[in-house]
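**Q** sequence and computational prediction follow.
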Amino acid sequence: MTDRHFVRDGLALRYRDVGTGLPLLFQHGLGGDAAQVADVMPTSPLLRRITLECRGQGGSPFGPTTGFSIAGFADDVAALADERAIGRAVVGGISMGAAIALRLAVRRPETVRAVILARPAWVTQRAPENMRPYGLVGDLLQRFEPEEARLRFMESEIAETLARLAPDNLSSLAGFFARAEPKTFGALLSAIAADGPGVTEAEIAAIDRPVLVIGHGQDLAHPEAMAEKLAGLIPGAELVRITPKAVDRDAYRRDFQSALQAFLGRLT
């Protein structure tokens, strides 16, 4: 395991660059880190996997709040890829990472060999309804001390719905109340929840690279309908449905790894 730092805008952003083989730029979800990516990676084919921990997440500093956007995070990833001379790579990610990958596929197609969109939380719309729980957590963290914010969130209608229908989503959100620099982290959550990938359906439909879309049910933050919509927009895209994390976490990981292994294996 190799964690390194990449300086951009005066910030030492942490990234992980492991392995040798097919270049794969793969980004974590909102509030996640490189370990989230490593958890679902297959052992074959041979990959050079690069994950940049986005500003305010993992081991990367927050920097100014004006830097909290999907477009800005995508620019950071592109700058790292250029500095490391990675060349044409498979780009992918989970949730927010999928939005970053989608933006890179549209804005920098010459650097993209193939695309993986796992558990997408956006298609084109800014502030989709499924991101409302993240926006609420962000708002509460900015207005209250973490414990008071947590109690208010857990008593909300949103938390009650998540507990019934998507307990895995609720568990992830509950962990955000223990983060360092809670008010700044709250600003990060609010900014990304209100954001979007900044691409159009026509631009998505023009992607002419191999594309894998991974989705599953029982996930209110990442509706299966969004995975279906993206797969339907992109000519030739492959949609793979995996076991929901809320149902069986081990099966979710195995299914995720199996889908990646099959797709990436066809590219080598």
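**A** Structure received.

**Q** can I get stretch 73-88 in CSV? Just the C-alpha atoms.
**A** The C-alpha coordinates for stretch 73-88 follow below in CSV (Å, rounded to 0.1, in the frame of the first residue of the first chain):
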residue,chain,number,x,y,z
PHE,A,73,-12.9,17.3,-7.4
ALA,A,74,-12.9,16.1,-11.0
ASP,A,75,-10.3,18.8,-11.9
ASP,A,76,-8.2,17.6,-9.0
VAL,A,77,-8.3,14.0,-10.3
ALA,A,78,-7.5,15.1,-13.8
ALA,A,79,-4.5,17.2,-12.6
LEU,A,80,-3.2,14.2,-10.6
ALA,A,81,-3.6,12.0,-13.7
ASP,A,82,-1.6,14.5,-15.8
GLU,A,83,1.1,15.0,-13.2
ARG,A,84,1.6,11.2,-12.9
ALA,A,85,1.5,10.8,-16.7
ILE,A,86,-1.1,8.1,-16.3
GLY,A,87,-2.4,8.4,-19.9
ARG,A,88,-5.6,6.8,-21.1
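
**Q** pull the distance from that stretch to the chain's centre.
**A** 16 Å (CA atoms, centre = their mean, to the nearest Å).

**Q** how about the backbone phi and psi for Phe26?
**A** phi -130, psi 120 (degrees, to the nearest 10).

**Q** use 669 as the first number from now on
**A** Taking 669 as the first residue, the last one we looked at is Phe694.

**Q** could I get the full set of strands for the protein?
**A** Using DSSP state E, the strands found in the chain span residues 671-676, 679-686, 690-695, 715-720, 757-762, 780-786, 879-883, 906-909.

**Q** could you name the helices and strands sitting against the first one?
**A** Spelled out, that is strand 671-676. strand 679-686, helix 738-751 (3 or more CB pairs under 8 Å, 6 or more residues apart in numbering; DSSP states H and E). No exception for glycine: its C-beta is placed from N, CA and C like everyone else's.

**Q** run through who's touching the first one.
**A** By CB atoms under 8 Å, 6 or more residues apart in numbering, the residues outside strand 679-686 that reach it are 669-675, 702, 705-706, 716-723, 726-729, 731, 744, 748, 752.

**Q** of those, buried ones?
**A** For the contacts of strand 679-686, a burial check counting by 16 or more other CB atoms under 10 Å picks out 674, 702, 705, 716-723, 726, 728, 731, 744, 748, 752.

**Q** rewinding a little: any chance of the strands of the chain in TSV with mean pLDDT and distance to Thr792 as columns?
**A** Output for those, formatted as TSV (pLDDT from 0 to 100; distance: least, CB to CB, whole Å):
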stretch	mean pLDDT	distance to Thr792
strand 671-676	95	27
strand 679-686	97	27
strand 690-695	98	18
strand 715-720	97	23
strand 757-762	98	17
strand 780-786	98	13
strand 879-883	98	15
strand 906-909	98	18
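
**Q** export the longest helix seen in the chain to CSV, keeping only CA atoms.
**A** The longest helix of the chain (DSSP state H) is helix 917-933. The C-alpha coordinates for helix 917-933 follow below in CSV (Å, rounded to 0.1, in the frame of the first residue of the first chain):
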residue,chain,number,x,y,z
ARG,A,917,-22.5,-7.0,3.0
ASP,A,918,-20.3,-9.9,2.1
ALA,A,919,-22.4,-10.8,-0.9
TYR,A,920,-22.4,-7.2,-1.9
ARG,A,921,-18.6,-7.1,-1.9
ARG,A,922,-18.3,-10.4,-3.8
ASP,A,923,-20.8,-9.3,-6.4
PHE,A,924,-19.1,-5.9,-6.8
GLN,A,925,-15.7,-7.5,-7.2
SER,A,926,-17.1,-10.1,-9.7
ALA,A,927,-18.7,-7.4,-11.8
LEU,A,928,-15.4,-5.4,-11.9
GLN,A,929,-13.3,-8.4,-12.6
ALA,A,930,-15.5,-9.5,-15.6
PHE,A,931,-15.6,-5.9,-17.1
LEU,A,932,-11.9,-5.1,-16.6
GLY,A,933,-10.8,-8.6,-17.7
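
**Q** residue boundaries of the helices in the stretch 719-868 of the chain?
**A** Using DSSP state H, counting those that start in this stretch, the helices of the stretch 719-868 of the chain run over 738-751, 764-775, 800-811, 814-822, 825-833, 835-843, 850-861.
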